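**Q** build me a structure from this.
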Amino acid sequence: MRKTISLVVLTNSGSAAKQFRASRATLRGIALMAVALLGLGGYLAYDYLRLKTGERYVAQRDQELSGLLASQREEIQIQRQQIGDFTSEINALKERLLALNEFEGKIRVMADLDKRVDGGNLFGIGGPIPRRLDPKMALGEQNKSLVREMRSQVDQLTMAAVNQEDHFKALVTHMEKQRGLLASTPTIRPIDPDIEHLVTSRFENRLSPFTNVREFHKGYDISAREGTPIYSTAAGTVTFAGDKGLLGKAVIIDHGHGLTSTYGHCSRVLKLPGEKVRRWDTIALVGNTGRSTGPHLHYEVALHGVPVNPEKYFLN
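**A** Down below sits the predicted model:
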């Protein structure tokens, strides 16, 4: 006989009782299905929680990576800016070295020294001057090639600095033996550069304002206000002070070693022949005497009586 289980349902409404019958096998099947459904629901709940946890982790990692990338981008930008600044410093250092090299050349001219065997080239005989670096390249994609170029130029500038130091040491040694020559060399401008002035003629061929014919101008003309102080450009002895034809009122100074300087068109002469003067002494005032088109100083330098370019001697 097949075993069954009956379930009787009674109500308090007076309706007939309801009876349900099911075999034990059926109940076991229902129970197994319920357990399976509960297990499936638990697994789905676990999987959902796991996915939510993973999503939060991914979001957190994404936020951390975004912050890291932003920090790295900022660091790269700072590094590029530093490379750009360093590039500008290399350019400035190169310009200072070239200026020192030019200064050395002027000193050699004044000291009557032979030119350097390397032709005055800081970067070796025939060596080209390193090109100017572009700081803007540091902000672009070419910054790697810029860094390589910077390293190369730093090596070149280091070598040039060592060479320049050696040249100056040799120059100082020579100049210490010829202090008298340096003191007697016209190395400053006869009118203070900070005072309002204008260079109107140089040591070159020009069209004469008086004859309208091209002729060689053997001096250096500086236009300035009448009464502007005129300085002696080196130590020496005044050999002439007074009227000198077309030059008007003039002063001539003998500096020794074959060097003389002449100052023309003065309004007033402040020294007498035979007086000793030092560099920076005020010897006269700018004027408009002699053959002149306006207040200015006509300045000449001569070596053994031969006019030379005064600008080659200027250090200020």
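**Q** how about the strands in the protein?
**A** Using DSSP state E, the strands of the chain run over residues 4-9, 18-23, 197-201, 204-207, 214-217, 220-224, 229-231, 236-243, 249-256, 259-269, 276-277, 282-286, 296-303, 306-308.
**Q** will you turn the ones you listed into JSON lines that also has distance to residue 30, mean pLDDT and mean neighbour count?
**A** To be clear about C-beta, it is placed using only N, CA and C from the backbone, and glycine gets the same treatment. What follows is the strands of the chain, written out as JSON lines (distance: least, CB to CB, whole Å; pLDDT from 0 to 100; neighbours: other CB atoms under 10 Å):
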{"stretch": "strand 4-9", "distance to residue 30": "11", "mean pLDDT": "65", "mean neighbour count": "10"}
{"stretch": "strand 18-23", "distance to residue 30": "8", "mean pLDDT": "68", "mean neighbour count": "11"}
{"stretch": "strand 197-201", "distance to residue 30": "116", "mean pLDDT": "88", "mean neighbour count": "14"}
{"stretch": "strand 204-207", "distance to residue 30": "120", "mean pLDDT": "77", "mean neighbour count": "11"}
{"stretch": "strand 214-217", "distance to residue 30": "125", "mean pLDDT": "82", "mean neighbour count": "12"}
{"stretch": "strand 220-224", "distance to residue 30": "120", "mean pLDDT": "93", "mean neighbour count": "20"}
{"stretch": "strand 229-231", "distance to residue 30": "122", "mean pLDDT": "96", "mean neighbour count": "21"}
{"stretch": "strand 236-243", "distance to residue 30": "130", "mean pLDDT": "96", "mean neighbour count": "17"}
{"stretch": "strand 249-256", "distance to residue 30": "128", "mean pLDDT": "95", "mean neighbour count": "21"}
{"stretch": "strand 259-269", "distance to residue 30": "127", "mean pLDDT": "95", "mean neighbour count": "22"}
{"stretch": "strand 276-277", "distance to residue 30": "130", "mean pLDDT": "95", "mean neighbour count": "16"}
{"stretch": "strand 282-286", "distance to residue 30": "125", "mean pLDDT": "96", "mean neighbour count": "21"}
{"stretch": "strand 296-303", "distance to residue 30": "124", "mean pLDDT": "94", "mean neighbour count": "21"}
{"stretch": "strand 306-308", "distance to residue 30": "124", "mean pLDDT": "93", "mean neighbour count": "14"}
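**Q** for the residue nearest to residue 109 when sequence neighbours are not counted, give its distance to residue 52.
**A** Leaving aside its sequence neighbours, residue 109 sits nearest to residue 312 (CB to CB, 6 or more residues apart in numbering; 5.3 Å). Distance, residue 312 to residue 52, using CB to CB, to the nearest Å: 86 Å.
**Q** tell me how the protein divides into domains.
**A** The chain breaks down by automatic domain parsing into domains covering 4-10+18-69, 73-183, 197-312.
**Q** list the buried residues for stretch 152-168?
**A** Burial within stretch 152-168, assessed by neighbour count using 16 or more other CB atoms under 10 Å, is assigned to 153, 156, 157, 160, 163, 164, 167.
**Q** for residue 65, state which of the residues you listed is nearest.
**A** Within these, the smallest distance to residue 65 is 38.0 Å, found for residue 153 (CB to CB).
**Q** now the top helix by length along the chain: average pLDDT?
**A** The longest helix of the chain (DSSP state H) is helix 24-110. Per-residue pLDDT over helix 24-110 has a mean of 77.
**Q** distance between it and the chain's centre?
**A** The chain centre lies 35 Å from the centre of helix 24-110; the measure is CA atoms, centre = their mean, to the nearest Å.
**Q** now stretch 154-165
**A** Centre-to-centre, stretch 154-165 and its host chain are 17 Å apart (CA atoms, centre = their mean).
**Q** for the record, mean pLDDT for that stretch?
**A** In this model, stretch 154-165 has an average pLDDT of 77.
**Q** put the alpha carbons of that stretch into PDB.
**A** The C-alpha trace of stretch 154-165 is given here as PDB (Å, rounded to 0.1, in the frame of the first residue of the first chain):
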ATOM      1  CA  VAL A 154      77.600  71.300 -20.900                       C
ATOM      2  CA  ASP A 155      80.700  69.300 -21.800                       C
ATOM      3  CA  GLN A 156      81.700  71.800 -24.400                       C
ATOM      4  CA  LEU A 157      81.200  74.800 -22.100                       C
ATOM      5  CA  THR A 158      83.100  73.100 -19.300                       C
ATOM      6  CA  MET A 159      86.000  72.600 -21.700                       C
ATOM      7  CA  ALA A 160      85.700  76.300 -22.900                       C
ATOM      8  CA  ALA A 161      85.600  77.600 -19.300                       C
ATOM      9  CA  VAL A 162      88.800  75.700 -18.500                       C
ATOM     10  CA  ASN A 163      90.400  77.100 -21.600                       C
ATOM     11  CA  GLN A 164      89.300  80.600 -20.800                       C
ATOM     12  CA  GLU A 165      90.600  80.300 -17.300                       C
END
